[in-house]
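# Test case, fold it:
(one chain, ligands or ions: 2)
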Amino acid sequence: MKAIAVHPGKAHTMHLRDIEKPSISDIPNGRGVLVKVLQVGVDATDMEINEALYGAAPAGDDYLVIGHEAFGIVEEVGSAVTHVQPGDYVACTVRRPGKSIYDRIGRSDITSEETYFERGINLLHGFMTEYFVDDAEFIVKYPGALKNLGVLAEPASVCAKAIEQAYAAQQRLQVWEPKKAWVMGAGQIGLLATMMLKLRRLDVCTIARSPAEGNLKAEIAESFGAQYVSTKDQSLHDVAREHGRPDLIIEATGNSMIAFQCMNVLNLNGALVLTSVTGGSRSTEIESDKINLEWVLGNKLLLGTVNGNFRHFQAGIADLALGASMYPGVIERILTHPIDGMDQYEKLLPLLSDSSVLKVFVNIAKG
Ligand code: BGC
Ligand code: ZN
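Numbers count the residues shown, from 1 in each chain. Ligands and ions are numbered 1, 2, ... in the order given. I've put the predicted structure just below:
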């Protein structure tokens, strides 16, 4: 069967290759689920992998099948599988457990091991192919009525985790009732986070560089009830003066300089949540005395978050469902650039490197 792969560590090596079709017997104890892939999303992580900034091939292979945002339909299940059956729509988690205590309690998303295993990213082949098999533990049932948004299940899990972690960590304050949130960046993570925070009744500014006029990302943010703010002609200090300092910032620009600039504007007792995976090697200067003083005197929290586990997928899917009924027709506007078939893989990278493009995904089969 066909798959899109790269040679990790070598830049610009994306190619189509033939790989063996997996079978449920690849997974022991009757726990295998064979999934026919319908759609796979791509994101900045795939671009970094293709640029050799990030990612690694499985041991013994010189290639990595890419794809970590999978949506498909179950074709066959092993005898011990009960929570999904053939014909069910499903998404699949990305990270696989190592040996730490967190891995053993189903929290591989917070593994304490340096080496992590992620399908389509690090040391495990991904989903950009016709079929995949995995242990039932990682297969998340997805509502068929919402199948047009299925390819957003994985990014939604990442956002659901980021928000959940912020609220969990802020229990340190005994009472935390955030009023204002800023979402930095208006890519898929920024927009889904915007929606989720609006569903939690926060006053949200979605902040990105591009001007609002004629900008789809601004229209989507505003359709969720957020304010879209462009930083093309103003600094974050200006934005804070006009809109007030945020109690919560979700940083999802992919730009580490902005992550640090956010430290200047967070409100007292606030939480700054960093989600950008920055594989490059840029460095930046910050006003460290000022920031350190403000953060100490203001009891502020800096929180890094990555990945989403089974539970975060369920939370993300629940929010997609609630968002689809609260804001009819809005979430699907994120799905801007379908590519029909893996044969057209050469179209992926030019689209991914165009910052005005929102969501690129490959239609692999109909279902
Ligand atoms: C993926 C996450 C993953 C992270 C780090 C992101 O693009 O969506 O699932 O944990 O990259 O590799
Ligand atoms: Zn991703």
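# Give me the neighbour count for R209.
Applying other C-beta atoms under 10 Å, we find 13 other residues in the vicinity of R209. Using the backbone N, CA and C atoms, a C-beta is placed for each residue, glycine as well.
# Wait, it touches D233, no?
No. At 10.0 Å, R209 does not count as touching D233 under the criterion of C-beta atoms under 8 Å.
# Lowest mean pLDDT among the helices and strands of the protein, which one is it?
In the chain, the helix or strand scored least confidently by mean pLDDT, DSSP states H and E is helix 348-352, which has a mean of 90.
# can you pull the buried residues of that helix?
For helix 348-352, a neighbour-count test (16 or more other C-beta atoms under 10 Å) marks L348, L349, L351, L352 as buried.
# Helices of the stretch 1-150 of the chain, residue ranges please.
With DSSP state H, counting those that start in this stretch as the definition, the stretch 1-150 of the chain shows helices at residue ranges 44-50, 101-104.
# Nearest to ligand 1 within the stretch 1-150 of the chain, name that residue for me.
T45 (3.3 Å; C-beta to the nearest ligand atom).
# For the residue nearest to the spatial centre of the chain, which three-state class applies?
Taking C-alpha atoms, centre = their mean as the criterion, P155 is the residue nearest the geometric centre of the chain, at 3.2 Å. Look at P155: counting by DSSP: H, G, I helix; E, B strand; the rest coil, its state is helix.
# That one and E69 touch, don't they?
Yes. Because the distance of 6.5 Å satisfies C-beta under 8 Å, P155 is recorded as touching E69.
# so what sits against both of the two?
Shared contacts of P155 and E69, defined by C-beta atoms under 8 Å, 6 or more residues apart in numbering, comprise G41, D43.
# In contact with the closest residue to H68 other than its chain neighbours, which residues?
The shortest distance from H68 to any non-neighbouring residue, by C-beta to C-beta, 6 or more residues apart in numbering, is to G120 (3.8 Å). Taking C-beta under 8 Å, 6+ apart as the contact definition, G120 lies against D46, L64, V65, I66, G67, H68, V94, G126, F127, M128.
# Could you name the helices and strands sitting against the helix or strand encompassing L322?
Here L322, judged by DSSP states H and E, is contained in helix 310-326. In terms of contact count using 3 or more C-beta pairs under 8 Å, 6 or more residues apart in numbering; DSSP states H and E, helix 310-326 is assigned the packing partners strand 139-142, helix 153-169, helix 188-199.
# Could you say which of these is packed most deeply?
Of all the helices and strands packed on helix 310-326, helix 188-199 carries the top mean neighbour count, a mean of 27, counting by mean count of other C-beta atoms under 10 Å.
# just to revisit the earlier point, could I get the helix holding L322 in CSV with only the CA atoms?
The C-alpha atoms that make up helix 310-326 are tabulated as CSV, following Å, rounded to 0.1, in the frame of the first residue of the first chain:
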residue,chain,number,x,y,z
PHE,A,310,-6.9,9.4,25.1
ARG,A,311,-8.8,11.5,27.6
HIS,A,312,-7.7,14.7,25.9
PHE,A,313,-8.9,13.4,22.6
GLN,A,314,-12.3,12.7,24.1
ALA,A,315,-12.4,16.2,25.6
GLY,A,316,-11.3,17.8,22.3
ILE,A,317,-13.9,15.8,20.4
ALA,A,318,-16.6,16.9,22.9
ASP,A,319,-15.6,20.5,22.4
LEU,A,320,-15.7,20.1,18.6
ALA,A,321,-19.2,18.7,18.9
LEU,A,322,-20.3,21.6,21.2
GLY,A,323,-18.6,24.1,19.1
ALA,A,324,-20.2,22.8,15.9
SER,A,325,-23.6,23.4,17.4
MET,A,326,-22.8,26.7,19.1
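# wait, L34 sits on I73?
No. Distance between L34 and I73: 10.2 Å, which falls outside the contact criterion (C-beta under 8 Å).
# picking up where we left off before, among the helices of the stretch 1-150 of the chain, which is the most enclosed?
Scoring those by mean neighbour count under mean count of other C-beta under 10 Å gives helix 44-50 as the most buried, with a mean of 23.
# do that helix and ligand 2 meet?
Yes. Part of helix 44-50 sits near ligand 2 under the criterion C-beta under 5 Å from the ion, namely T45.
# Who are the packing partners of that helix?
Of the remaining helices and strands, those touching helix 44-50 by 3+ C-beta pairs under 8 Å, 6+ apart are helix 348-352.
# Tell me which residues are up against the helix or strand that the helix it packs on is followed by.
Once helix 348-352 ends, the next helix or strand along the chain (criterion: DSSP H and E) is strand 360-363. Taking contacts as C-beta under 8 Å, 6+ apart, the residues outside strand 360-363 that touch it are 4, 38-42, 67, 69, 128, 151, 335-342, 344-345, 348, 351-352.
# Restricted to buried residues, select those residues in ChimeraX.
What follows is the ChimeraX syntax selecting those of the contacts of strand 360-363 that are buried according to 16+ other C-beta under 10 Å:
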select :4,38,39,40,41,42,67,69,128,151,335,336,337,339,342,345,348,351,352
